[in-house]
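> Below are the sequence and a predicted model for it; my questions follow.
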Amino acid sequence: MATKIIAIDGPAGSGKSSVSKQVARELGFGYLDTGAAYRALAWACLSHDGFSVDQLSSLNLAQVFDYQISTDPDNFWVKVGNNDVTAAIREPQVAEFVSQVARIPEVRSFMKALTHRLVAESGKPAVVVEGRDITTVVAPDAPIRLLLTASEEVRLKRRSAELSESSAASVMRQVSERDASDSKVVDFMTPAPGVQLVDTSDLNFNQSVSAVIALIEQGLS
Ligand SMILES: Nc1ncnc2c1ncn2[C@@H]1O[C@H](COP(=O)(O)OP(=O)(O)OP(=O)(O)O)[C@@H](O)[C@H]1O
Ligand SMILES: Nc1ccn([C@@H]2O[C@H](COP(=O)(O)O)[C@@H](O)[C@H]2O)c(=O)n1
């Protein structure tokens, strides 16, 4: 039977990755972080590893971008060729650059096909796939489509809680700028028709996980 997609979108800091990963763990599903592929491609451009952002639209990325990612929520890693880039793709220079890569239409088409391939290869009954355009472009027919959000104030507070005071201000500015840039390409702030909104502004982490699981169980029953 074909692997089902649980599609979850949302802005930076909404909790997509952490909530999706925990939901996948609890339900025995796979977990796919689609932002990691955009970040890995940005990393490849920044490391001058044969890629330049100006050439991305004319490259056959399926052939030249050797990308691998784990869909196991308990053992997450990302590789480009022989490089384990799991930590490197979270560096601020990658976060600052990634929107430039994500706005290239040919890159977005490649990412859509890549996502479907990774889901099909997961060997799991279902995969929680999180990103910005999963509910609308990548898997508009998914049986469960959720937009996970929280007010900007709450999202920035969550992000700054992870950081020292000195770096919090610059990361908060960066998150807002990245959302502004990304939302010119895809709308992940308002739910498309048929997409259920999960506003976590007043929910803690466990409550957010429970809310998402309840919607999945309801939708799959
Ligand atoms: N409901 C919640 N209540 C409190 N904290 C939360 C909640 N959901 C997520 N968090 C925390 O908020 C932070 C951001 O979450 P996460 O990294 O999952 O967001 P994201 O949407 O994937 O962001 P990005 O797109 O930037 O990767 C994490 O520290 C996470 O533990
Ligand atoms: N479906 C997606 C997922 C991500 N992006 C772009 O990648 C960046 C990093 O994503 P994170 O989820 O790791 O924050 C994001 O800022 C987008 O530029 C995308 O376009 N579509």
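Structure's in. What do you need? Residues are numbered from 1 along each chain as shown. Ligands and ions are numbered 1, 2, ... in the order given.
> Quick check: residues of the chain near ligand 2?
With CB under 6 Å from any ligand atom as the criterion, the chain meets ligand 2 at residues 12, 34-35, 38-39, 98-99, 102, 131-134, 178, 182. Every residue, glycine included, has its C-beta placed from N, CA and C.
> Turn these into a markdown table, columns for neighbour count.
Converted to a markdown table, the residues of the chain next to ligand 2 look like this (neighbours: other CB atoms under 10 Å):
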| residue | neighbour count |
| --- | --- |
| 12 | 21 |
| 34 | 23 |
| 35 | 19 |
| 38 | 22 |
| 39 | 23 |
| 98 | 23 |
| 99 | 19 |
| 102 | 24 |
| 131 | 28 |
| 132 | 26 |
| 133 | 23 |
| 134 | 30 |
| 178 | 19 |
| 182 | 22 |
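> check those against ligand 1, which are close?
Checked against ligand 1 using CB under 6 Å from any ligand atom, the residues of the chain next to ligand 2 give the following subset in range: 12, 35.
> Just send the residues of the chain next to ligand 2 back as CSV, with pLDDT and secondary structure too.
Formatted as CSV, the residues of the chain next to ligand 2 follow (pLDDT from 0 to 100; DSSP: H, G, I helix; E, B strand; the rest coil):
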residue, pLDDT, secondary structure
12, 86, coil
34, 98, coil
35, 97, helix
38, 98, helix
39, 97, helix
98, 96, helix
99, 96, helix
102, 97, helix
131, 98, strand
132, 97, coil
133, 97, coil
134, 98, helix
178, 88, helix
182, 91, helix
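> Could you pull out the strands in this structure for me?
Ranges of strands within the chain are 4-9, 30-33, 67-69, 78-80, 83-84, 126-131, 144-149, 196-199, based on DSSP state E.
> Go through those strands and pick out the most buried.
Ranked by mean neighbour count under mean count of other CB atoms under 10 Å, the strands of the chain are led by strand 126-131, which reaches a mean of 28.
> Need the per-residue pLDDT for the spatially closest residue to residue 23 that is not a sequence neighbour.
Nearest non-adjacent residue to residue 23, counting by CB to CB, 6 or more residues apart in numbering: residue 212, 5.1 Å away. The pLDDT attached to residue 212 in the predicted structure is 98.
> For residue 212, give its distance to ligand 1.
Taking CB to the nearest ligand atom, to the nearest Å as the measure, residue 212 and ligand 1 are separated by 10 Å.
> can you pull the contacts of that residue?
Residues in contact with residue 212 (CB atoms under 8 Å, 6 or more residues apart in numbering) are 8, 19, 20, 23, 146, 148, 198.
> what separates the third one from residue 35, distance-wise?
Taking CB to CB, to the nearest Å as the measure, residue 20 and residue 35 are separated by 11 Å.
> Now do the shared contacts for those two.
With contacts taken as CB under 8 Å, 6+ apart, residue 20 and residue 35 have residue 130 as neighbours in common.
> what helices or strands is the lowest-mean-pLDDT helix or strand in the chain leaning on?
Using mean pLDDT, DSSP states H and E, the weakest-scoring helix or strand in the chain turns out to be helix 165-182, at a mean of 80. Using 3 or more CB pairs under 8 Å, 6 or more residues apart in numbering; DSSP states H and E as the contact criterion, the elements in contact with helix 165-182 are helix 92-102, helix 152-161.
> Comparing these, which stretch has the densest surroundings?
Mean neighbours per residue, mean count of other CB under 10 Å, is largest over those for helix 92-102, with a mean of 18.
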